[in-house]
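In: Predicted model follows, preceded by the sequence.
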Amino acid sequence: MIDLRLKVDPLPLAEPLVLRLCEHERPDPSEHDACLIRREADCREYEYLGFSVRVHASEDMPLDGDVLMIVPGQASAHRLVRASSKHNTLLVTEQCDQLCVMCSQPPKKHHIDLFDQFAVAAKLAPFGAYIGISGGEPLLHKDRLFDFLASATVARPDLNFHILTNAQHFVTEDLQRMDEIGLERLLWGIPLYASDPDLHDEIVGKPGAFNRLERSLSFLMRAGASVELRTVVTKQNWANLRSLSNYVVHRTPFISVWALMQLERIGFGRMNWHKTFQDTSADFTMLKAAINLASARGIAVSLYNFPQCSVPETYRQLAPSTISDWKRKYLDFCDGCSARATCGGFFEWYSHSEGFNRLGPI
Ligand code: SF4
């Protein structure tokens, strides 16, 4: 697994510090650049405003252009942006007003506002970066989030953002701010788990969530926003998938993509694995019905987090590699598989003894 934290020697800081590691001359120098001055076996020393910043990392780890956040009193730095990766996500809050049965990042009560630091990080990201925003529920801090997006998009017209939200907080007045930021720069990833309001509410642990979500979807459609509808496939919604597909076709035809997703075995996903995980390698029937219906009506469908060999051959082109590089792994039997280059494999925390039954090299 790729480490998203790096050991650093402590610095005398009063506030979190964001800096970019530079190992070569850059075309876009910044006051936040820390320049490499010494390189040892497992440690690199950078100079930043006269201070020495010592980062402990293996010799072969690419760090040039990475954006780090060093928090006072901590001996490790957060790698906010990895310049060599397409999978950079900023976790802007751990608070959430839902309690989804499969949540991979169970909510916490407290919130630490780091939007100012994230704004600096976004401005230091590589050209053309696509930055993920996740939580918790980012829109619980909507004003700060919109300020962050506005400042980042003004400073860096080349950036785009993918924002995960439970869509419980959109109101008509948001349209002006979204327009200012640029609707075309934002893709909203929104979970919808069932066509049956009670079932959706039960899965997300919040009465009335479905109705509120419908209002938000209607608002986003009128606004002309880009939406990626996300449905984690579980035992709970398995029998509802065809009906959900019908709902997507008739009620949300404006979406950019409908992502059907496999479960991530961490957080509540791990705690509730046995009552939630649906082995789609053994039975693909409901998915097949849902995909066929949606595709026939022109909805773009994608399968996220599915190992390619868990998907019938006819549908494999719908299963791109979606698991972020830092939390992706392959199993022994993947060696020699012809699909390995395009297959997203497994989450680092996937346990095969409790997972898919029918897998193997293609
Ligand atoms: S054997 Fe491994 S690499 Fe091949 S399709 Fe299955 S999970 Fe992917």
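Out: Now that the structure is in, tell me what you want to look at.
In: buried sites along stretch 3-19?
Out: Neighbour-count burial for stretch 3-19, counted by 16 or more other Cβ atoms under 10 Å, picks out L4, L6, V8, L11, P16, L17, V18, L19. C-beta: built from backbone N, CA, C; applies to glycine.
In: Local confidence estimate at the last one?
Out: To tie it back to what came earlier, the one meant is L19. On pLDDT, L19 comes in at 97.
In: and the residue of the stretch 51-200 of the chain found nearest the ligand, what is it in contact with?
Out: At 17.9 Å from the ligand, H87 is the closest residue in the stretch 51-200 of the chain, using Cβ to the nearest ligand atom. By Cβ atoms under 8 Å, 6 or more residues apart in numbering, the contact set of H87 is G132, S324, D325, W326.
In: Would you check that the first one makes contact with T89?
Out: Just to be clear, that refers to G132. Yes. G132 lies in contact with T89 (Cβ atoms under 8 Å); the separation is 3.4 Å.
In: count of neighbours near the residue of the stretch 101-250 of the chain found nearest the ligand?
Out: Closest contact between the stretch 101-250 of the chain and the ligand, by Cβ to the nearest ligand atom, is at V233 (17.1 Å). Residues lying near V233 (other Cβ atoms under 10 Å) number 25.
In: From L36, how far off is it?
Out: 46 Å (Cβ to Cβ, to the nearest Å).
In: Next up, identify which helix or strand the nearest residue in space to R38 that is not next to it in sequence is on.
Out: The shortest distance from R38 to any non-neighbouring residue, by Cβ to Cβ, 6 or more residues apart in numbering, is to E45 (4.1 Å). Assessed by DSSP states H and E, E45 sits inside strand 43-48.
In: chain center to that strand, what's the gap?
Out: Distance, stretch centre to chain centre, for strand 43-48: 30 Å (Cα atoms, centre = their mean, to the nearest Å).
In: Please list the outside residues in contact with it.
Out: 19, 21-23, 33-39, 52-57, 63.
In: Whichever of those residues end up buried, select them in ChimeraX.
Out: In ChimeraX, a selection of the buried entries from the contacts of strand 43-48 looks like this (16+ other Cβ under 10 Å):
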select :19,21,22,23,33,34,35,36,53,55,56,57,63
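In: Can you read off the pLDDT for the residue lying farthest from the centre of the chain?
Out: In the chain, the residue that sits farthest from the middle, by Cα atoms, centre = their mean, is G50; the gap is 36.0 Å. Note on G50: pLDDT of 92.
In: quick one, phi psi at it?
Out: phi 90, psi -10 (degrees, to the nearest 10).
In: gap between it and I70?
Out: 16 Å.
In: and if you look at I362?
Out: 44 Å.
In: Between these two, tell me which one has more neighbours.
Out: With neighbours defined as other Cβ under 10 Å, I362 and I70 compare such that I70 has more, 23 against 14.
In: Look up which residues are beta-bridged to the more buried one.
Out: Applying DSSP bridges to I70 gives these bridge partners: L17, A77.
In: same check, this time on H162
Out: Partner residues in beta bridges with H162, using DSSP bridges, are G132, L187.
In: R215: how many residues sit nearby?
Out: R215, neighbours per other Cβ under 10 Å, totals 14.
In: My reading is that it lies in a helix. Confirm?
Out: Yes. Counting by DSSP: H, G, I helix; E, B strand; the rest coil, R215 is located in a helix.
In: contacting residues around the spatially closest residue to it that is not a sequence neighbour?
Out: Distances taken as Cβ to Cβ, 6+ apart put F170 closest to R215, at 7.8 Å, once the chain neighbours are dropped. Applying Cβ under 8 Å, 6+ apart to F170 gives the contacts L139, R215, S216, F219, L220.
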